[in-house]
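A.B. asks: Curious how this folds, go ahead:
(one chain, ligands or ions: 3)
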Amino acid sequence: MTTPASPTIVVALTAIVGERACLSGADTDAFTTDYRRLYLGKAVAVVLPASTDELSRVMAWCYTHGVPVVPQGGNTSLMGGSVPDDSGTAVVVSLKRMNQVVEVDAVNDTLTVQAGVTLSAARSAAEAAGRLFPLRIGSEGSCQIGGNLSTNAGGTAVLRYGNMRDLVLGVEAVLPDGRVYSGLRALRKDNTGYDLKQLFVGSEGTLGIITAAVLKLMPLPRSSSVAFVAVASPAAAVALLGEAKRTAGQAVTAFELVSRPALDLVLAYLGGEKSPLAGSHDWMVLIELTAGTDADSLDQTMVQLLEAGLEAGLVLDAAVAASGTDALAFWRIREEISDAQTRTGGSIKCDVSVPLSRIAGFIEEATAAVLALEPRTRMVVYGHMGDGNVHFNPLRPADTSAADYMAACYTQVSHAVDALAHAAGGSISAEHGIGVAKRDDLTLYKSPVELELMWQVKKALDPKNLLNPAKVLPAPH
Ligand code: FAD
Ligand code: 2HG
Ligand code: ZN
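C.D. replies: Ligands and ions are numbered 1, 2, ... in the order given. The predicted structure follows:
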């Protein structure tokens, strides 16, 4: 089928969404480049529907006329999944205008939102009702619930609350041909056949465009204790995590690893900020305990844990936040690691997960493998150790340009790290998804049966391969 000429597409879509909600030409620029400016695409138009009905009509028109569509939320993806390729043939659908909080049901502990609500707005709406929506990621001011669902986002509280897949009860989505899947149920029990909503979670906009969701709410913690702790090694961190679970049980909410190069990078990036610890240490963890009880008991539990860690030789030094301001400062250091790398350039992102029992061995082997390839690499290793997810992000040597390091090392380094994670029973993408960045690598790590099933699901929902084409799924061979 020959697709209509660009002006025809723009006229047809403008007729559905109105002139101000159908952008073309230079107005599309902000929607065609990814967060890290690594993927520079082009779009025939950017459409910003105001309702599910408008989006349904946009999709039906694009489907009939063979026009590819790329869904976009907050465009904070680190995998190139939210922007079109550079052919200029695709329409970007931005959910920005579908940003209404529909309902907070404090009795049912549910929050119903349109997909374009930002994560921070969703969290605020929950908090205003005395509840917690527990997904917590550094991009919360920009990323949207639809994007969080489509990537099955994780973040710093997965250890306690699970990832986005665990936090959703209902989904509404527009299918590639314009039909609407209405699964906006607010039920914790519903065994009426296949759990179709989960198909849209983690499928990175390749099966449908999520327009609304019902999310689970939790009790708002009444107290917390946060500590920045130097540990003897990653193995000591794992042992301390075990001790934390024994001492504090369910209260262990976050357990984040930080390597020395990660801390150095972020302190340099933030300028005036200081390390919470006096000395310099190779490995640190940020621990957060939260509960519905009073603050004293949690601080006591934290101190008890750290003392046990000191005695066992796991802990080298520790700072317990003395106030909410301290706690925020500790967390700021952790949350800025990603942007500090983006600013520095030349970081090779490996977002891997391995079973906790093998994570320390993995870090040791992967570090050796990368240093064998380029001994001056700065090992920015950090992340959600509590749930087995490390961001293993080798960074260019200080005196090498990002372009030179990437050209010389990207493929070898990322393949070496991913292969070691895979060999340790791990995943090459723990929480960021596949997008374009890891698409072709899937053939190395997924069995032919898994890949064939993925394509069969894709073809069942998107037989013309028009929705976010060439993302996630490697071309069949
Ligand atoms: P986008 O980037 O717009 O899109 C992501 C994918 O979802 C694309 O494939 C897109 O096509 C699709 N999509 C978007 N909206 C929809 C929709 N409504 N329906 C269907 N498909 C859709 N991720 C984590 O998991 N944990 C972290 O801790 C974390 N921290 C981050 C920190 C920083 C500073 C940054 C920049 C990113 C971080 N991320 C993290 C990655 C990113 O923020 C998440 O993947 C987030 O869930 C993406 O949401 P978004 O709205 O920006 O989606
Ligand atoms: C984080 O945990 C994010 O900070 C981003 O997942 C990770 O930039 C990264 O590699
Ligand atoms: Zn992360």
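A.B. asks: So Thr2, which state does it fall into?
C.D. replies: When classified by DSSP: H, G, I helix; E, B strand; the rest coil, Thr2 comes out as coil.
A.B. asks: Pull the contacting residues for it.
C.D. replies: Counting by C-beta atoms under 8 Å, 6 or more residues apart in numbering, Thr2 makes contact with Gly66. Quick note: C-beta positions are derived from backbone N, CA and C, even for glycine.
A.B. asks: do the same with Asp27
C.D. replies: Contacts of Asp27 were listed using C-beta under 8 Å, 6+ apart, and they are Val46.
A.B. asks: Val92 is in what secondary structure piece?
C.D. replies: Using DSSP states H and E, Val92 falls within strand 91-94.
A.B. asks: Do that strand and ligand 1 come into contact?
C.D. replies: No. Strand 91-94 lies out of reach of ligand 1 by C-beta under 6 Å from any ligand atom, never closer than 8.1 Å.
A.B. asks: Sheet partners, orientation included, of that strand?
C.D. replies: Here strand 91-94 has these sheet partners by DSSP bridges: strand 45-47 (parallel), strand 69-72 (parallel).
A.B. asks: got a list of contacts for it?
C.D. replies: With contact meaning C-beta under 8 Å, 6+ apart, strand 91-94 is reached by 9, 13, 28, 31-32, 43-49, 55, 58-59, 62, 67-73, 83-84, 116, 209.
A.B. asks: Would you mind measuring from the closest residue to Arg179 other than its chain neighbours to ligand 1?
C.D. replies: Counting by C-beta to C-beta, 6 or more residues apart in numbering, the nearest residue to Arg179 once its immediate chain neighbours are dropped is Ser56, at 7.4 Å. Using C-beta to the nearest ligand atom, to the nearest Å, we find Ser56 at a distance of 13 Å from ligand 1.
A.B. asks: what about the helix or strand harbouring Ser56, distance to the chain center?
C.D. replies: Secondary structure from DSSP H and E places Ser56 in helix 52-64. Mean-position distance between helix 52-64 and its chain equals 28 Å (C-alpha atoms, centre = their mean, to the nearest Å).
A.B. asks: residue contacts, the residue nearest to Ala268 when sequence neighbours are not counted?
C.D. replies: Spatially, and ignoring its direct neighbours in sequence, Ala268 is nearest to Ala340 (7.5 Å; C-beta to C-beta, 6+ apart). Under the criterion of C-beta under 8 Å, 6+ apart, the neighbours of Ala340 are Leu265, Val266, Ala268, Tyr269, Leu270.
A.B. asks: and what of Pro276?
C.D. replies: Here Pro276 is in contact with Phe228, Ala319, Asp326, Ala329, Phe330, Ile333 (C-beta under 8 Å, 6+ apart).
A.B. asks: Name the helix or strand for the fourth one, please.
C.D. replies: This points to Ala329. Using DSSP H and E, Ala329 maps to helix 324-335.
A.B. asks: residues in contact with that helix?
C.D. replies: Helix 324-335 is contacted from outside by 138, 156, 224, 226-228, 256, 258, 263, 266-267, 270, 273, 275-276, 286, 288, 319, 321, 382, using C-beta under 8 Å, 6+ apart.
A.B. asks: Just the buried positions in it, please.
C.D. replies: Under the neighbour-count criterion of 16 or more other C-beta atoms under 10 Å, helix 324-335 has Asp326, Ala327, Ala329, Phe330, Trp331, Ile333, Arg334, Glu335 buried.
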